[in-house]
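Engineer: the following comprises the amino acid sequence and a computationally predicted model.
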Amino acid sequence: MSLGRKAIKQLSSRLTGFSSRHASASSLSLNEHPFAHPENVMSAWRVSSYGSLDKLSLCNDVSKPVISKPRDVLVKVRAASLNPLDAAMLGGYGQVLLDAMRSVEGCVQDRKISLPLTLGRDFCGEVVAKGCDVRNVRVGDTVYGVVVPHLPGSHADFVITDSCLVSRKPEHLSDEEASSIFYTALTAWSALKVTGDIILTSPKGLRALVIGGSGGVGTVAIQLLKNWGVEVTTTCATDAVPLLESLNADIVIDYKKPDALKDLEIVGKFDIILDASGTASPNMYLGFLREWRNAKFITLKSPMLSNTDKFGLVGGMAQNALDLALANIKSGAVAKGATVRWGFFLPVAAGISEINDMVSEKKIKPVVEKVYSFADMPAAFERMSGGHLRGKLVVTMDSSKVTN
């Protein structure tokens, strides 16, 4: 009987010890947890609820994405950039339409599952896994690419995207330079080539005005247009004039000068006006379009996503049609044989291919204002909110690449 009690006491002591160790282990982070698999988790900057910058936090126990489609590519991120869309999505911009796209693609069954959200659209890194139908890149390749807005983004250790949206990184670019390119470049390409009808006709001999040429989209738009043989006039603030002259813009106008509009009048009229700043009014610039030549005023700040947020998917699309029609009528564009149009980012493989060719041939050079460490992501967002960027903002996993 004494032996039985002794055995029970020993067993109880062992169980108590195991319980204590288990409780201690459960209080550790996933990366320290003895029963976890660190290779299956990663760090990512995530938005837990829509709002201001305080809703953005670094999470170290996020599940690593897994290849689920034949054309998927899994990339270990070395650098990623910020875009104005990221700051807007932080505040909930576009959630109705983007959640509908997530639902259609099977990313979520309930719109609430779209949170927490990982931001970041473009990136550079190493391919660590790929689907069975991927032919353009191999495991181990250093690639640069872009993620469509409704999918988890690149502000993380790993990201998945479709193989048609990545290319091998040209050797002359740093990881940070490469990570800054595709989202803004494809936005500019889509706005000019698709919305601007350049895909349908030869662009040589056309005249274009890029409003706000010193930002991420503007710097690439100037270079695309010049490579297509278009005569380019652009506007910017005084301090950005040398930058845009270095990109070979034909005429650079300082919009801060009191006679800036008169300078534009002297230059003449345009076939395409691209509002890369998202701040220009069609009414102010309509007089600078050629009449009865199918000229276009293209803005990148359309109300499409804000309308669907406000009125729902169906009501928002109806409101979009009305808004676009009114923009053309009220501005007087229709009466002059011109049109007001909305430009968008389009994930088109042909655009990726053409942009990559130009970058590889050094016909497009990336413009990076500043490189932040991955840990300093909030500081990068704060700079983004300040506006008046001179190119792109980039975050890097390599702290030695940070710039002042």
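Structural biologist: Perfect, I can see it now.
Engineer: can you map out the helices along the protein?
Structural biologist: Using DSSP state H, the helices of the chain run over 2-26, 84-90, 95-105, 175-179, 182-189, 216-227, 241-246, 260-267, 282-285, 304-330, 349-360, 377-386.
Engineer: which of these sits closest to Trp45?
Structural biologist: Nearest of those to Trp45, taken as Cβ to Cβ: helix 377-386 at 4.9 Å. (C-beta placed from N, C-alpha, C; glycine too.)
Engineer: which of the residues in that closest one are buried?
Structural biologist: The neighbour-count check on helix 377-386 (16 or more other Cβ atoms under 10 Å) flags Met377, Ala380, Phe381, Arg383, Met384 as buried.
Engineer: that older thread, could you tell me the least trusted of the helices of the chain?
Structural biologist: The weakest mean pLDDT among those belongs to helix 2-26, with a mean of 39.
Engineer: about what we covered before: CSV for the buried residues of helix 377-386, including distance to Trp342?
Structural biologist: Output for those, formatted as CSV (distance: Cβ to Cβ, whole Å):
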residue, distance to Trp342
Met377, 30
Ala380, 28
Phe381, 26
Arg383, 27
Met384, 22
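Engineer: so which of the helices of the chain gets nearest Thr142?
Structural biologist: helix 175-179 (7.4 Å).
Engineer: how near is Ala325 to Val334?
Structural biologist: Plainly put, Ala325 is 9 Å away from Val334 if you go by Cβ to Cβ, to the nearest Å.
Engineer: burial count for the closest residue to Ala79 other than its chain neighbours?
Structural biologist: Nearest-residue entry for Ala79: Ser179, 3.9 Å, with adjacent residues in sequence omitted and distances by Cβ to Cβ, 6 or more residues apart in numbering. When neighbours are counted by other Cβ atoms under 10 Å, Ser179 registers 32.
Engineer: try Thr219
Structural biologist: A count of nearby residues for Thr219, using other Cβ under 10 Å, gives 34.
Engineer: buried set for stretch 202-214?
Structural biologist: So for stretch 202-214, counting by 16+ other Cβ under 10 Å, buried means Pro203, Leu206, Arg207, Ala208, Leu209, Val210, Ile211, Gly212, Gly213, Ser214.
Engineer: centre of the chain to the lengthiest strand in the chain, how far?
Structural biologist: Longest strand of the chain, by residue count under DSSP state E: strand 72-82. Chain-centre distance of strand 72-82: 12 Å, with Cα atoms, centre = their mean, to the nearest Å.
Engineer: can you give me the angle that strand makes with helix 377-386?
Structural biologist: 60 degrees (axes from the mean of the first three to the mean of the last three Cα atoms, to 10 degrees).
Engineer: give me the sheet partners of strand 72-82 and which way each runs.
Structural biologist: strand 122-130 (antiparallel), strand 158-162 (antiparallel), strand 392-396 (antiparallel) (DSSP bridges).
Engineer: in the stretch 101-250 of the chain, which ranges drop under the pLDDT threshold?
Structural biologist: Scanning the stretch 101-250 of the chain for pLDDT under 70 picks out the ranges 106-113.
Engineer: ends of stretch 53-67, what's the gap?
Structural biologist: With Cα to Cα, to the nearest Å as the measure, stretch 53-67 spans 31 Å from end to end.
Engineer: repeat for stretch 158-173
Structural biologist: 21 Å.
Engineer: and for stretch 325-339?
Structural biologist: 10 Å.
Engineer: what is the burial count for Phe344?
Structural biologist: Neighbour count for Phe344, taken as other Cβ under 10 Å: 14.
Engineer: contacting residues around it?
Structural biologist: Contacts of Phe344 were listed using Cβ atoms under 8 Å, 6 or more residues apart in numbering, and they are Thr187, Ser190, Ala191, Thr195, Leu300, Ser302, Met304.
Engineer: got a markdown table for the residues you listed, with distance to Arg341 and neighbour count too?
Structural biologist: Converted to a markdown table, those look like this (distance: Cβ to Cβ, whole Å; neighbours: other Cβ atoms under 10 Å):
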| residue | distance to Arg341 | neighbour count |
| --- | --- | --- |
| Thr187 | 14 | 25 |
| Ser190 | 11 | 20 |
| Ala191 | 8 | 28 |
| Thr195 | 5 | 21 |
| Leu300 | 10 | 25 |
| Ser302 | 9 | 19 |
| Met304 | 12 | 18 |
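Engineer: just give me the closest of the residues you listed to Ala221.
Structural biologist: Ala191 (7.5 Å).
Engineer: correct me, but that closest one touches Lys296?
Structural biologist: No. Using Cβ atoms under 8 Å as the test, Ala191 is too far from Lys296 to be in contact (9.7 Å).
Engineer: number of nearby residues for Lys257?
Structural biologist: When neighbours are counted by other Cβ under 10 Å, Lys257 comes out with 11.
Engineer: check contacts around it.
Structural biologist: So Lys257 contacts Thr238, Asp263 (Cβ under 8 Å, 6+ apart).
Engineer: state the distance from it to Leu326.
Structural biologist: For Lys257, the distance to Leu326 - Cβ to Cβ - is 32 Å.
Engineer: got it, and Phe374?
Structural biologist: 44 Å.
Engineer: between those two, which one's more packed in?
Structural biologist: Comparing Phe374 with Leu326 by other Cβ under 10 Å, the one with more neighbours is Phe374, at 23 against 11.
Engineer: distance of the more buried one from Met397?
Structural biologist: Phe374 is 5 Å from Met397, by Cβ to Cβ.
Engineer: quick one: contacts for the residue nearest to Ser399 when sequence neighbours are not counted?
Structural biologist: Take Ser399 and drop its neighbours on the chain: the residue closest to it by Cβ to Cβ, 6+ apart is Ser373, 5.1 Å away. By Cβ under 8 Å, 6+ apart, the residues touching Ser373 are Val395, Thr396, Ser399, Val402.
Engineer: on the strand side of things, show who Ser373 bridges to.
Structural biologist: Counting by DSSP bridges, Ser373 is bridged to Thr396.
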